[in-house]
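Participant: Attaching a predicted model along with its sequence, questions to come.
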Amino acid sequence: MTLKIWQADFYKTSFQDKEYQIRWQLLICDVQGKIVYQAVCKQEEADLNWLSSKLKSAIQKERPNIIQVFRPQSINLLIAAADRFGIKVEATRRTSKLKEILNKQGINNNFNPVKIEQAPPQTLPDNLLGERWRFATFPKEGIIEFFRDRPIPIVDIPELLLTKNLELAPTVKIPGVIIYGGRTSMYLARWLVSVKPVALNYIPTQIDKSGGLVLEAGLVNRWILATFEDSQMAKAAEQYELQKNNSQGLHFLVVQPDDSAMTYTGFWLLRHEEI
């Protein structure tokens with residue numbers, strides 16, 4: 001059975017009434033980008049009861065299995081409203097069709113409705129640090145089958161990114177990072193599951209000399225996964241980012257105990273998402 005997925009946002013909007021008062025908008029679309037429901041209310045009306053009544057109207061003709069939400073400020077209200085109708089809410093940055101609609105609204109009103117503030121990246125707990133790490137690439141042809149068909153305890157391949165992978169030319173190589181965790185391999189992999197990885201980006205601190213890898217996770221969280229002060233590593237990191245551009249942002253993260261290539265602990269297919 002195919003799951004019916006909606007993407008929803010409930011937040012302040014650039015729309016204003018005649019008195020220039022702030023309005024709140026409920027916007028719901030499907031994964032193809034078709035608007036399912038849209039309603040606007042005054043700020044003083046923006047509460048659980050109003051949201052629940054509009055959601056009830058939205059599901060009269062059909063109801064979704066899952067409602068995806070990207071905005072931290074919206075998640076609790078939408079969970080509470082959806083719970084009244086037995087609908088699951090998934091917190092995820094991967095709501096591209098919804099963001100496209102919101103961005104079009106923002107362009108028309110000189111307003112960025114998708115931008116979310118983030119705190120500085122946090123340091124990874126010491127007990128999760130692996131023994132070493134390196135950049136790697138994997139041919140586009142076969143990467144999914146290789147990791148999905150092996151006895152790996154943790155494999156995360158989002159359906160949306162699987163589709164993106166299929167759109168790439170066969171000769172494209174997918175860049176990624178391999179962490180050799182040693183005895184902490186499973187601890188690190190389980191921690192990654194808990195924070196929900198989205199993307200792994202190179203952030204230079206001094207061009208061609210030093211930098212680090214920042215893990216984007218959950219809705220707004222960021223973690224410093226590795227740092228380095230090495231010109232060769234800096235060049236490799238720059239190449240990693242170039243390869244991500246060639247692969248439409250697709251990249252991967254692998255955690256394994258050692259470099260024997262005999263056992264793997266976890267695999268994540270990742271892609272940067274606008275925030």
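Facilitator: Happy to help now that I have it.
Participant: contacting residues around residue 144?
Facilitator: By Cβ atoms under 8 Å, 6 or more residues apart in numbering, the contact list for residue 144 reads 157, 162, 165, 269. Heads up, the C-betas are built off the backbone N, CA and C, glycines and all.
Participant: so where's this protein shaky on pLDDT?
Facilitator: Counting by pLDDT under 70, the chain contains low-confidence ranges at 1, 14-20, 107-111, 275.
Participant: Give me the domain ranges for it.
Facilitator: For the chain, automatic domain parsing gives the domain ranges 5-108, 122-271.
Participant: May I see those organised as TSV, with distance to residue 116 added?
Facilitator: Output for these, formatted as TSV (distance: least, Cβ to Cβ, whole Å):
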stretch	distance to residue 116
domain 5-108	7
domain 122-271	6
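Participant: So for residue 114, which of those domains sits nearest?
Facilitator: Counting by Cβ to Cβ, residue 114 lies closest to domain 5-108 out of those; the figure is 5.1 Å.
Participant: For the closest one, what is the distance to the chain centroid?
Facilitator: 18 Å (Cα atoms, centre = their mean, to the nearest Å).
Participant: could you measure residue 10 against residue 173, distance?
Facilitator: Residue 10 is 41 Å from residue 173, where distance means Cβ to Cβ, to the nearest Å.
Participant: Settle it for me: which of those two has more neighbours?
Facilitator: Between residue 10 and residue 173, counted using other Cβ atoms under 10 Å, residue 10 has the larger neighbour count: 25 against 16.
Participant: The helix or strand encompassing the more buried one pairs with which strands, parallel or anti?
Facilitator: Using DSSP states H and E, residue 10 sits in strand 5-16. Using DSSP bridges, the strands paired with strand 5-16 are strand 22-30 (antiparallel), strand 66-69 (parallel).
Participant: what are the phi and psi values for residue 104?
Facilitator: Main-chain torsions, residue 104, degrees, to the nearest 10: phi -60, psi -40.
Participant: what's near enough to touch it?
Facilitator: So residue 104 contacts nothing (Cβ under 8 Å, 6+ apart).
Participant: need the next SSE after the longest helix along the chain, C-terminal direction.
Facilitator: Longest helix in the chain, counting residues (DSSP state H): helix 231-246. Per DSSP H and E, the first helix or strand lying C-terminal to helix 231-246 is strand 250-256.
Participant: Give me the helices and strands touching that next one, please.
Facilitator: Other elements packing on strand 250-256 under the criterion 3 or more Cβ pairs under 8 Å, 6 or more residues apart in numbering; DSSP states H and E are helix 159-167, strand 173-180, helix 185-195, strand 197-206, helix 231-246, strand 266-271.
Participant: Now do the buried residues in the fourth one.
Facilitator: This points to strand 197-206. By neighbour count with 16 or more other Cβ atoms under 10 Å, strand 197-206 contains the buried residues 197-202.
Participant: Could you list every helix and strand in contact with it?
Facilitator: In terms of contacts (3+ Cβ pairs under 8 Å, 6+ apart), strand 197-206 is packed against strand 210-217, helix 231-246, strand 250-256, strand 266-271.
Participant: Please apply the same query to the second one.
Facilitator: Contacts defined by 3+ Cβ pairs under 8 Å, 6+ apart place strand 173-180 against strand 132-139, strand 221-229, helix 231-246, strand 250-256.
Participant: could the strands paired with strand 5-16 go into TSV alongside mean neighbour count?
Facilitator: Shown next, in TSV, are the strands paired with strand 5-16 (neighbours: other Cβ atoms under 10 Å):
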stretch	mean neighbour count
strand 22-30	20
strand 66-69	22
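Participant: and those as TSV, adding distance to residue 223?
Facilitator: Compiled in TSV, these are given as follows (distance: least, Cβ to Cβ, whole Å):
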stretch	distance to residue 223
strand 22-30	30
strand 66-69	22
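Participant: what's the closest of the ones you listed to residue 88?
Facilitator: For the strands paired with strand 5-16, proximity to residue 88 was assessed by Cβ to Cβ; strand 66-69 is nearest, at 5.1 Å.
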